[in-house]
Structure formats: C-alpha cells, structure tokens
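Trainee: Next one to model:
(one chain, ligands or ions: 2)
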Amino acid sequence: MADHLIHLPRDVMQLIRALRGAGYSAHVVGGCVRDSLLGRTPGDWDLCTNARPEQMRRIFAGHQLILTGEKHGTVAVVLHGAPYEITTYRLDGDYTDHRRPDGVQFVEDLAQDLARRDFTINAMAYAPGTGLVDLYGGRADLAAGVVRCVGDPTARFAEDALRILRAVRFASQLSFTLELSTAAAALAQRDSVALVSAERIYTELDKLLAGPAAGPVLAQYGELLGGVLPEVLPCMNCTQPGPWHYYDVWRHTAATVGALDLRGQDARGTRTLRWAAFLHDLAKPLCRTVGPDGAAHFHGHNQRGARQARQILQRLRAPAYLIDGAASLIAVHDAPLPADDPAILRCLGRYGPVFLQRLCLLKYADLDAHAPNPRVAQRRADVQVFQRRMQTLAKTGCYSLAQLELRGVDIMNAGVRPGPQVGELLNKMLNAVMDGRLPNDNEALLAAVRREISK
Ligand code: ATP
Ligand code: MG
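Mentor: Ligands and ions are numbered 1, 2, ... in the order given. The predicted structure follows:
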C-alpha cells in the first residue's frame with residue numbers, strides 16, 4: 001500500500017491545481033483514498049479544501065456547477081460530464097437528533113475535517129506532493145481489516161446513529177471486522193438507529209446485502225441490526241433440531257445470503273434475491289412448534305414470512321418491484337415443485353419463467369444452508385431437475401393463451417357468438433395442449449373446437 005498507488009485521474013489533478021493556483025490547499029479524501037490504498041477503483045473522487053463555496057464558485061466560474069450542497073460547503077464541478085464534489089473543511093455542529101448535524105462550521109484546517117469523519121479507514125486524505133494524511137491510523141486499520149471509529153465510538157454513534165449501520169456495511173463490502181470497542185458501542189446504541197430516516201437505513205442495508213462478506217457479517221453482527229429490524233432478534237438461538245438443519249434460524253439466514261449464486265440475474269433480480277434470502281425465514285420464530293418426535297416445525301412460515309417481508313420492506317420505503325418480488329418468492333420458497341410437464345407448464349403460466357428461475361436460485365441457497373446430508377442433497381437434485389425442465393418448456397412449451405396457436409376470432413369464425421363461451425373454449429384448448437392431449441397446432445385445435453361445438 002504505497003502512496004504511489006494513488007493515481008489521481010486527470011480531471012481530479014486539474015481541480016487540485018486550480019485550487020492550489022488560487023492559493024488554497026486541496027486533497028482527495030474519504031472513500032477514494034481508502035479504495036485506492038486497497039487497490040480498488042474508487043466509485044467517485046471527493047475533494048476537500050480550505051476554499052469557501054463562494055471562492056470555489058469564482059475559481060470554477062467557467063465550468064458547470066451544482067450548488068445544491070452549498071450550505072454544507074459542497075460545490076460540485078462537472079468535468080467531462082462527471083460531477084466532482086469539493087467540500088470546504090468543516091466541523092459538523094451538534095447532533096441533537098442522532099441523525100443530522102444542526103449546522104456546519106467551516107474551518108481552515110484539514111485535521112479538523114478528518115476528525116469529524118466516521119471511521120479511520122474513511123478519514124485519510126491525499127494530495128500530490130503532500131502525500132497521504134493519515135492522522136488516525138487508517139492505513140494500519142486497512143491492513144488489519146478493521147472498521148474503527150475516529151475518536152470515542154460511543155460519542156460518534158450518539159452523534160449519528162446511521163454510522164452503526166455504516167460500520168456493518170463496510171465490514172460486508174470490505175470483508176472487515178469491527179474493532180472491539182466500536183462493536184460494543186454499536187451494540188449498546190443500536191436502538192437509536194430507528195431514529196434515522198427509512199431511506200438511509202434501506203440504502204445501508206441494501207449495500208450490506210450486496211457486499212461479498214454479507215453472509216459471515218450478518219452471522220457475526222446480526223444483533224446490530226436489531227434497532228431497525230427487531231424481527232431478526234428472535235431468530236438468534238431459534239433452534240431447528242432434526243435431520244434437516246444444523247444452524248439456528250439466524251445462522252441459517254446468514255448462510256443463505258452467503259450461498260446465493262446470482263450469475264445470470266439482472267440488477268432487479270439480484271436485489272430481489274438478496275432481500276428474499278435475507279427475509280425468507282424471519283417468521284419462523286412466530287410459527288415454531290415441536291412435534292412428538294422432537295423435531296421443530298414451522299407451519300405457515302412461508303405465508304406469514306411473505307406478509308412480514310412486505311411490512312418490513314414497506315417500512316423501509318423499498319421500491320415496489322422489490323417489495324412484490326421478494327414477498328412473492330418468500331410466499332412459496334418452501335413449497336414443493338411440480339415434477340410432470342402439465343404441472344410445470346401450469347406453474348409457468350402462473351408465475352412466468354423469470355420468477356421460477358429466481359425461485360430455483362433461492363431454493364439452492366436455502367438448501368445449501370441446511371445440514372449437508374443425503375436428504376438435503378436429494379432435494380437439491382429435485383430442484384435441478386425442475387429447473388432444467390422448466391427452462392426447456394419455457395422455450396418450447398405452450399403455457400399461455402398468447403402462445404396458443406388459436407385466436408378467439410378463429411372460434412367465432414367457426415360459429416361461436418362473441419361472449420364468455422369463446423374464452424371458455426380457448427382455456428379448454430390451452431389445458432388440452434398443456435396436458436399433451438392436443439398438439440399446439442391451429443388446424444388440430446380448430447378441429448377440436450368444432451367437435452366441442454357440435455356436442
Ligand atoms: P462509498 O464507496 O459507499 O461511496 P464512501 O466512504 O465514499 O463510500 P460516502 O457515504 O460517499 O462513503 O461518504 C464519503 C465520506 O464522507 C466517507 O468516506 C466519510 O469520510 C464521510 N462520511 C460519510 N458519511 C458519514 C457519516 N455518517 N459520519 C461521518 N462521516 C461520514
Ligand atoms: Mg462516496
């Protein structure tokens with residue numbers, strides 16, 4: 001992790017030069033420094049400076065500017081179509097509501113600006129010539145894989161409770177652990193995260209679920225989510241004895257998220273599956289009974305879980321496609337899959353191939369988070385058989401009226417008056433095709449319709 005690993009893009013260099021040329025200091029700061037030192041490509045480059053917004057406006061007068069953040073010290077300069085945020089060194093004012101500073105105060109000193117930042121790994125700055133400015137051991141924490149608050153964690157989480165979720169989110173994205181006093185303070189104050197706006201909570205949870213270490217991080221730090229998702233707490237230590245499981249509900253949930261194989265899924269499918277895996281069993285503690293054989297049963301947890309997932313996602317103001325997509329997957333996640341062609345075709349007609357593909361991926365992840373025994377392996381093989389046949393029939397089969405080689409107008413031309421009978425006949429023909437009693441062929445279907453009418 002040498003300084004020379006920080007390669008500033010040409011546009012960023014230009015911004016720094018312009019600020020320095022006008023007599024100000026300027027650095028890149030935060031996430032882009034962290035990501036560069038990790039050898040990753042930064043998502044965006046944020047700059048900080050002792051120039052005030054009005055001075056930045058003068059320096060960059062010839063450029064397109066975005067001034068929506070000016071009150072907080074941020075001016076975005078658009079270069080080659082991309083906005084670069086430049087923020088005046090500042091202190092955050094008091095946080096009376098645990099979620100946003102009452103005001104900001106501009107300062108001259110980079111060190112003061114770094115002190116207000118959340119974690120040591122996010123509190124480094126860099127500028128050519130100056131090199132890395134690392135006042136809190138951020139580089140050592142990056143090397144050790146540790147998320148540690150800048151300063152006293154209790155005070156920092158009391159200022160802004162969102163940082164508790166951010167800590168877990170960075171652990172998931174970077175495969176890091178939380179430094180012990182940071183983790184302890186986060187746990188002690190987890191309930192205050194409920195004061196943060198739903199949108200910001202959703203964004204952090206969504207990033208957490210998308211991280212490469214989401215599974216292990218959920219297993220280790222799940223309790224920290226209890227302030228915003230109290231539903232997760234009863235899952236911890238909710239045991240599921242019996243031949244199928246070897247994890248409690250929470251560890252099973254975390255393992256399911258970690259086991260998802262999302263290859264081939266688009267952005268919506270990916271997000272929907274991650275949330276569905278995360279929420280799929282949260283109703284189990286509400287449905288738990290123990291049979292005479294000592295095995296735990298969770299009757300009705302599919303449907304109840306779907307309702308609960310819908311409530312949670314609505315509470316978090318998640319997008320509608322995610323609420324519907326995740327809830328409908330959860331509603332059937334544990335239902336048996338059909339094995340014969342007529343039933344698979346009806347399933348395709350009811351749910352569509354996109355949904356069924358997602359369901360298979362959820363089932364694989366769910367099963368991979370079960371005990372590794374032959375019965376579980378058999379269930380996995382059954383899903384595979386279903387998936388292959390479903391994919392074939394989705395391409396070649398007929399499972400909807402739109403695919404049927406017969407139109408309502410054909411039936412009317414054969415002498416049936418417009419009305420409900422047309423639809424009934426179409427459905428009858430579709431059922432016959434799905435059952436394999438008739439080919440999906442216009443002539444054969446018309447002949448069958450004529451036989452029906454003359455009955
Ligand atoms: P990402 O890759 O997600 O953008 P990032 O580190 O850039 O990661 P941002 O949310 O864009 O995260 O914030 C930019 C920087 O601002 C952070 O690196 C951190 O220094 C500071 N920061 C952001 N949010 C907070 C917060 N809630 N409390 C303190 N500092 C924060
Ligand atoms: Mg950022």
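Trainee: which bits of the stretch 151-300 of the chain sit near ligand 1?
Mentor: Asp160, Leu162, Arg163 (C-beta under 6 Å from any ligand atom). Placement of C-beta: from N, CA and C, glycine included.
Trainee: got a list of what His245 touches?
Mentor: The contact partners of His245, taken as C-beta atoms under 8 Å, 6 or more residues apart in numbering, are His252, His370, Ala371.
Trainee: Determine the three-state secondary structure at the second one.
Mentor: Pointing back at His370 there. coil (DSSP: H, G, I helix; E, B strand; the rest coil).
Trainee: who's in contact with it?
Mentor: Neighbours of His370 in contact, by C-beta under 8 Å, 6+ apart: Trp244, His245, Tyr246, His252, Val376.
Trainee: count of neighbours near the residue nearest to it when sequence neighbours are not counted?
Mentor: Leaving out its chain neighbours, the residue that sits closest to His370 by C-beta to C-beta, 6 or more residues apart in numbering is Val376, at 4.6 Å. As a burial measure, Val376 scores 18 neighbours (other C-beta atoms under 10 Å).
Trainee: Next one: Val376 from Tyr364, what distance?
Mentor: Distance of Val376 to Tyr364, given as C-beta to C-beta, to the nearest Å: 11 Å.
Trainee: again with Asp382
Mentor: Asp382 is 11 Å from Tyr364, by C-beta to C-beta.
Trainee: what about Asp35, distance to Thr182?
Mentor: Applying C-beta to C-beta to Asp35 and Thr182 gives a distance of 20 Å.
Trainee: Neighbour count: the two, which is higher?
Mentor: Legend: neighbour count by other C-beta under 10 Å for Asp35 and Thr182, higher for Thr182 (23 against 19).
Trainee: shouldn't that one be in contact with Cys149?
Mentor: Yes: between Thr182 and Cys149 there is a contact at 5.0 Å, judged by C-beta atoms under 8 Å.
Trainee: For ligand 1, what's the nearest residue on the protein?
Mentor: Gly31 (2.3 Å; C-beta to the nearest ligand atom).
Trainee: And Ala140, what's its pLDDT?
Mentor: With respect to pLDDT, Ala140 scores 98.
Trainee: That one: neighbour count?
Mentor: Neighbour tally, Ala140, other C-beta under 10 Å: 14.
Trainee: Phi and psi next, for it.
Mentor: When read as degrees, to the nearest 10, the backbone of Ala140 gives phi -70, psi -40.
Trainee: now Gly264
Mentor: With angles defined as degrees, to the nearest 10, Gly264 sits at phi 90, psi -10.
Trainee: and what of Thr88?
Mentor: The phi/psi pair for Thr88 (degrees, to the nearest 10) reads phi -60, psi 140.
Trainee: give me every residue that touches it.
Mentor: Cys48, Thr49, Asn50, Ala51, Arg52, Pro53, Met56, Gly73, Thr74, Phe106.
Trainee: from the residues you listed, which ones fall inside helices?
Mentor: Among these, DSSP state H puts Pro53, Met56 in helices.
Trainee: Val376 sits in which helix or strand?
Mentor: Assessed by DSSP states H and E, Val376 sits inside helix 374-396.
Trainee: which residues sit against that helix?
Mentor: Contacting residues not belonging to helix 374-396 are listed as 243-244, 337-339, 341, 344-345, 347-348, 353, 356-357, 360, 363-364, 367-368, 370, 399 [C-beta under 8 Å, 6+ apart].
Trainee: What remains of the residues you listed if I keep only buried residues?
Mentor: Buried members of the contacts of helix 374-396, counted by 16 or more other C-beta atoms under 10 Å: 244, 337-338, 344-345, 347-348, 356-357, 360, 363-364, 367-368, 370, 399.
Trainee: Most widely separated two among those residues?
Mentor: Greatest spacing in the buried ones among the contacts of helix 374-396, by C-beta to C-beta: Trp244 and Tyr399 (32.1 Å).
Trainee: The residue lying closest to Ala51 once chain neighbours are set aside: helix or strand, and which one exactly?
Mentor: Leaving aside its chain neighbours, Ala51 sits nearest to Tyr24 (4.2 Å; criterion: C-beta to C-beta, 6+ apart). Tyr24 belongs to no helix or strand when assigned by DSSP H and E.
Trainee: re earlier: and the helix holding Val376, how far from the chain's centre?
Mentor: In terms of C-alpha atoms, centre = their mean, to the nearest Å, the centre of helix 374-396 is set 26 Å apart from its chain centre.
Trainee: Next, work out how far apart Leu348 and Val385 are.
Mentor: 15 Å.
Trainee: Kindly apply the preceding question to Leu37 instead.
Mentor: 48 Å.
Trainee: buried residues in stretch 35-51?
Mentor: Across stretch 35-51, burial judged by 16+ other C-beta under 10 Å covers Asp35, Ser36, Leu37, Pro42, Trp45, Asp46, Leu47, Cys48, Thr49, Asn50, Ala51.
Trainee: looking only at pLDDT, what's the mean for stretch 143-158?
Mentor: For stretch 143-158, the per-residue pLDDT averages 98.
Trainee: Using PDB, write out every CA atom in it.
Mentor: Output of stretch 143-158 as PDB, limited to C-alpha atoms (Å, rounded to 0.1, in the frame of the first residue of the first chain):
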ATOM      1  CA  ALA A 143      -4.100  -3.500   6.500                       C
ATOM      2  CA  ALA A 144      -5.600  -5.300   9.600                       C
ATOM      3  CA  GLY A 145      -9.100  -5.300   8.100                       C
ATOM      4  CA  VAL A 146     -10.700  -3.300  10.900                       C
ATOM      5  CA  VAL A 147     -13.500  -0.800  11.000                       C
ATOM      6  CA  ARG A 148     -12.700   1.600  13.900                       C
ATOM      7  CA  CYS A 149     -14.400   4.800  14.800                       C
ATOM      8  CA  VAL A 150     -12.400   8.000  14.700                       C
ATOM      9  CA  GLY A 151     -12.300   9.000  18.400                       C
ATOM     10  CA  ASP A 152     -14.700   7.700  21.000                       C
ATOM     11  CA  PRO A 153     -17.200   5.300  19.400                       C
ATOM     12  CA  THR A 154     -19.900   5.900  22.000                       C
ATOM     13  CA  ALA A 155     -19.800   9.700  21.200                       C
ATOM     14  CA  ARG A 156     -19.500   9.100  17.500                       C
ATOM     15  CA  PHE A 157     -22.600   6.800  17.300                       C
ATOM     16  CA  ALA A 158     -24.500   9.200  19.600                       C
END
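Trainee: Give me the below-cutoff pLDDT ranges for the stretch 101-250 of the chain.
Mentor: Residue ranges of the stretch 101-250 of the chain with pLDDT under 70: 101.
Trainee: Which stretches in it count as strands?
Mentor: 104-106, 125-127, 131-133, 146-147, 177-178 (DSSP state E, counting those that start in this stretch).
Trainee: Mean neighbour count added to the ones you listed, as TSV?
Mentor: Formatted as TSV, these follow (neighbours: other C-beta atoms under 10 Å):
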stretch	mean neighbour count
strand 104-106	16
strand 125-127	23
strand 131-133	16
strand 146-147	23
strand 177-178	22
